[in-house]
Each structure stands twice: as C-alpha cells, then as structure tokens.
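# can't give you the sequence, but here's the structure:
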C-alpha cells in the first residue's frame, strides 16, 4: 500500500478557525497506520488545544448516506477511518461569517478541525465508511444547537449524489433553511465583581450582549460545593475575576485577614478548578502589592514576588493559583481610578473646598484608569495572547502620590502648591492598623505592549478624566 498522505500540512478555509489537514498515512502489505490526533504536533501548527473528551464514530453501510447539517456548542476534530466522504460545513455563528460554506473530500489521509457553531454534514462516497470525530464536550439536551437544511439553495452545497437518491433521516430532511437558522452565540463571558470600579468599566467596554454575564457578590457563591454545576460552564469562554477584598488596611486585622484570604484566595481556587475542568480562560486581576517596592527599576512580570502585607500576600497566592489554569491571564495593575470613590476624586473635592492636604511623596507609580484596564483585558482575550502574567497600568513618566495630587489641583484650576508633600512615615505616624505600602509601584509595560496594546500616558488620561467628570 502506498503512502496516502505525505506530510502533516494545515490548509486554511473560508470559514474562520476551520482548518483542513493532510495527514501522513503509512501503509504496507498488512494495511496502514496514521496518527489521527497528535496534540503536540497539532497545537504546534496553530490548532487550538481544544481538549477532546469524547470520541464518536458514525458507521455507514452504503454509499450515499447523508447526515447533517448540525451545529453544536463544541469543537470537533473530524476524520475518516475507512472509506471516503464528501464533507460540507456552514458557519452558523453569529457575526459577519454567518452562512459561509466550505466543502472537501475526506479519506483517511485528511482531517478537519471544525470550530464550535459551524454546522457539520457529510455524504458517504463508498460503502462501509466509518466517519469519526473527537469533541470537547459531552452531549447534553440542555446545550444550544442549530441546524440548516441539506438542500437549501441559499447554501448551495454540490452534493455528489443527488439528495433525492441519498439515504437521509426524516429529522435531517426537516431542518430549516439558512434564513431561519438560529445563529450560535459566542461562548459566554462571566464578569465577577460587576459592581466595583473595574466591573462597571468592563460593562461599559464589553456591553450587554446576550453572551456577556455580570455577577456581583451575591449572584454566585464561590464557596458553594455546587459551584461546578451552578452554570453550564462548558458554554463559557472566559471568567474575568474583578472581585476582590481591597481594603488594604482592614486586611491587617484578624477579621479582615480572614475575609481577604476567603475572597482573594479561596474564591480564586474555586474559580481555577471550574476553569481548568471546563476549558475556560481565567482572567485574574492582581496588584503591585505583590512586590515590596524596593527595586530600583520598574517591576517585570517574572520578578519574584515579595509582598509586605496581608493584602499583597493574598494577591500573590491568587496569582500562583490562577497560573495552574491551562489558559489564564494574570493582569497585574496599580493605582486604579474608575467610577466611584478614589484618590483623584478625593483630591478634586478637596481642591474645590479649599483644603490643603498632606500627601505622601515617597511612593511612586502610575495611575491606571479602569476603562483602559478593561480595554486591555478585552484585548488579551480577543487576540488570544499567550497565557501568563501581564502588567497593565497607564504609561508615561511615573509620579508620586503628592505629584499626582498637585496635578489634580492644577488641572481643576487651583493652586497646586497647596498640596503638602510628606513621607509615608510622617503621614501614618501615630496611626494603628496601617498596612505597609510598596515605595515603588512602577510596572514594566513591555510585555503588554508587545501584544499590540499600548497603554496611554497616565498624565494625559488624568487630564481627560477630570475634563469629563467636571
């Protein structure tokens, strides 16, 4: 027997994300052998690591058996064990690609990756054909399916054997035309901490499309033993955890410490388990407080963590947990300013009331506006950036808190010299239960910039923010 496939070669198709492969098939007098699915080789060629959990085989006794067109909420790796088929695929995903069609003949030397939401159909060209496919979810009656008619002229599939002579089930003959097919929604995105500064910014950025879900503290109990069944998690593409215990000083008390660890660590561990078990990307928002602030340069993503206080310890622990999820983004940020109470709003209010505040001048960093942080999170998910830690703050020249306060006074038309700079030790002298702060909160932005996202200058962003809120 000759070699049917010369090499493992990917071929792009008109349907986004669907890739056809030529597989090496090695034969001799005994028969043939092929690697039908080889994770390491396939992913090296750019195929998603889609995590198959089930293998299905459709055996067809005669030529002309025609099945489909069915779109399910999972990915498929389709191949042929024996015989030949004419394969047909129609994109039923919501979006500009809806209705795109691709056809190809498959034999043991060819296989195709079919993304979630693309309708799959085939017609056997030889008797005793075995059609096989790996899927990355188990069949469920609760899943959202979509169908399109095999004979719809709007789709125009050129079946080699006319459908009036084909063997087709009554159910497949009754599928609706493309004009009545239900578009398959994108995988769901769950945003936790939806009522916080970042949560509100994420809502403004991601919108209220049907597949975007927002949850506050009372909407999903991360400590529940039923968390794994609280949602049909296989329908989710990402969980963005913007929820956190951020009361830095309160975390130093016994009660605050327990709450910080429960929210920032135990909750993240529960999310990580759900994400890992269901192939969901986890976005975990972290903090400059994982560092002690003693470095003489901006902190990089791979610098060892050395938190000073309880809050920083919980965020460092959460980073380590999130990193166990196969697809994860730890978004490390600092000095977040958004819709609600924050440093900039406080300084603007003091300026309007004629107050001369004392502000620490030996803690240096950059502001991060929640709207831009939300944009960066969306960017990482949409471009499919490699998993890992990403620093995301405003860009530009770092400033101290006192310098930023002076800038707020200046931008709001007040005397910047009214801001009185002091050291951290002076500011907190005589105050009990104060958490230690890193003196250097400047984060290196090279890695996020390399993905194509360029943070805006935080001073310019401050000016725009104040102009918009006045």
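Cool, got the structure. Fair warning: this is a prediction, and the values are worked out from it, not measured in the lab.

# all the helices of the stretch 201-350 of the chain, residue numbers only.
For the stretch 201-350 of the chain, applying DSSP state H, counting those that start in this stretch gives helices covering 254-261, 267-278, 310-322, 343-352.

# just the ones you listed: most buried one?
Using mean count of other Cβ atoms under 10 Å, the stretch among the helices of the stretch 201-350 of the chain with the largest mean neighbour count is helix 310-322, at a mean of 23. Quick note: C-beta positions are derived from backbone N, CA and C, even for glycine.

# contacts for that helix?
Here helix 310-322 makes contact (Cβ atoms under 8 Å, 6 or more residues apart in numbering) with 244-248, 251-252, 256-257, 260-261, 263-265, 268-269, 272, 282, 284, 286-287, 289-291, 305, 307, 328, 330, 332, 389, 435, 438.

# hmm, back to that, reformat the helices of the stretch 201-350 of the chain as a markdown table; add mean pLDDT and distance to residue 429.
Below are the helices of the stretch 201-350 of the chain laid out as a markdown table (pLDDT from 0 to 100; distance: least, Cβ to Cβ, whole Å):
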| stretch | mean pLDDT | distance to residue 429 |
| --- | --- | --- |
| helix 254-261 | 95 | 22 |
| helix 267-278 | 95 | 35 |
| helix 310-322 | 98 | 21 |
| helix 343-352 | 96 | 20 |
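
# would a markdown table of those helices with distance to residue 122 be doable?
Putting the helices of the stretch 201-350 of the chain into a markdown table (distance: least, Cβ to Cβ, whole Å) gives the following:
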| stretch | distance to residue 122 |
| --- | --- |
| helix 254-261 | 53 |
| helix 267-278 | 28 |
| helix 310-322 | 41 |
| helix 343-352 | 60 |
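
# show me where pLDDT drops low in the chain?
Along the chain, segments meeting pLDDT under 70 span 1-7.

# okay, now the domains of it?
Domain ranges of the chain: 9-180, 188-469, per automatic domain parsing.

# and the strands in the stretch 301-450 of the chain?
Under the criterion DSSP state E, counting those that start in this stretch, strands of the stretch 301-450 of the chain are mapped to 328-333, 336-337, 358-360, 364-365, 368-369, 388-391, 399-400, 420-422.

# cool, the stretch 1-150 of the chain as well?
So, for the stretch 1-150 of the chain - with DSSP E, counting those that start in this stretch - the strands run 9-12, 19-22, 25-28, 31-34, 54-60, 66-71, 76-82, 85-91, 101-106, 110-114, 118-124, 129-135, 146-147.

# and the next element down the chain from the shortest one?
Per DSSP states H and E, strand 146-147 leads on to helix 170-173 as the next helix or strand towards the C-terminus.

# packing partners of the next helix or strand after that following helix?
Using DSSP H and E, the helix or strand that follows helix 170-173 in sequence is strand 188-192. In terms of contacts (3 or more Cβ pairs under 8 Å, 6 or more residues apart in numbering; DSSP states H and E), strand 188-192 is packed against helix 197-206, strand 212-215, strand 236-241.

# these: which one's closest to residue 323?
strand 236-241 (13.5 Å; Cβ to Cβ).

# by contact count, what packs against that closest one?
By 3+ Cβ pairs under 8 Å, 6+ apart, strand 236-241 packs against strand 188-192, helix 267-278, strand 281-287, helix 370-383.

# residue 386 - how many residues pack around it?
Other residues lying near residue 386 total 11 when counted by other Cβ atoms under 10 Å.

# distance of it relative to residue 305?
Remark: distance between residue 386 and residue 305 (Cβ to Cβ, to the nearest Å) = 20 Å.

# how about residue 154?
Distance of residue 154 to residue 305, given as Cβ to Cβ: 57 Å.

# just residue 71 next, same as before
For residue 71, the distance to residue 305 - Cβ to Cβ - is 44 Å.

# the more surrounded of these two?
Set side by side, residue 71 and residue 305 show more neighbours around residue 71, with 28 against 18, by other Cβ under 10 Å.

# now do the same contact list for that one.
Contacts of residue 71 by Cβ under 8 Å, 6+ apart are 90, 92, 117-120, 145-148, 184.

# these: which two are farthest apart?
90 and 145 (13.6 Å).

# in terms of neighbours, single out the busier of these two.
The neighbour comparison of residue 90 against residue 145 (other Cβ under 10 Å) goes to residue 90, with 27 against 15.

# name the nearest residue to that one, sequence neighbours excluded.
Spatially, and ignoring its direct neighbours in sequence, residue 90 is nearest to residue 119 (4.4 Å; Cβ to Cβ, 6 or more residues apart in numbering).

# what's the neighbour count on that neighbour?
Residues near residue 119, counting by other Cβ under 10 Å: 27.

# next one: residue 106
Residues near residue 106, counting by other Cβ under 10 Å: 21.

# about what we covered before: distance to residue 169 for the strands of the stretch 1-150 of the chain - can I get that in JSON lines?
Formatted as JSON lines, the strands of the stretch 1-150 of the chain follow (distance: least, Cβ to Cβ, whole Å):
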{"stretch": "strand 9-12", "distance to residue 169": "31"}
{"stretch": "strand 19-22", "distance to residue 169": "27"}
{"stretch": "strand 25-28", "distance to residue 169": "31"}
{"stretch": "strand 31-34", "distance to residue 169": "30"}
{"stretch": "strand 54-60", "distance to residue 169": "12"}
{"stretch": "strand 66-71", "distance to residue 169": "7"}
{"stretch": "strand 76-82", "distance to residue 169": "19"}
{"stretch": "strand 85-91", "distance to residue 169": "16"}
{"stretch": "strand 101-106", "distance to residue 169": "21"}
{"stretch": "strand 110-114", "distance to residue 169": "20"}
{"stretch": "strand 118-124", "distance to residue 169": "12"}
{"stretch": "strand 129-135", "distance to residue 169": "15"}
{"stretch": "strand 146-147", "distance to residue 169": "12"}
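
# relative to residue 168, which of the ones you listed is closest?
Taking the strands of the stretch 1-150 of the chain one by one with Cβ to Cβ, strand 66-71 is closest: 5.0 Å.

# quick one: strands adjacent to that closest one?
For strand 66-71, the paired strands and their directions (DSSP bridges) are strand 118-124 (antiparallel), strand 146-147 (antiparallel).

# between the longest one and strand 85-91, how big is the angle?
To tie it back to what came earlier, the one meant is strand 118-124. Inter-element angle recorded for strand 118-124 and strand 85-91: 160 degrees (by axes from the mean of the first three to the mean of the last three Cα atoms, to 10 degrees).

# before we move on, the earlier item: got a quick ChimeraX command for the buried subset of the contacts of residue 71?
Here is the ChimeraX selection string for the buried members of the contacts of residue 71, based on 16 or more other Cβ atoms under 10 Å:
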select :90,92,117,118,119,120,146,147,148,184
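
# and of the contacts of residue 71, the nearest to residue 175?
Among these, and counting by Cβ to Cβ, the member closest to residue 175 is residue 147, at 4.1 Å.

# thank you kindly, that will do.
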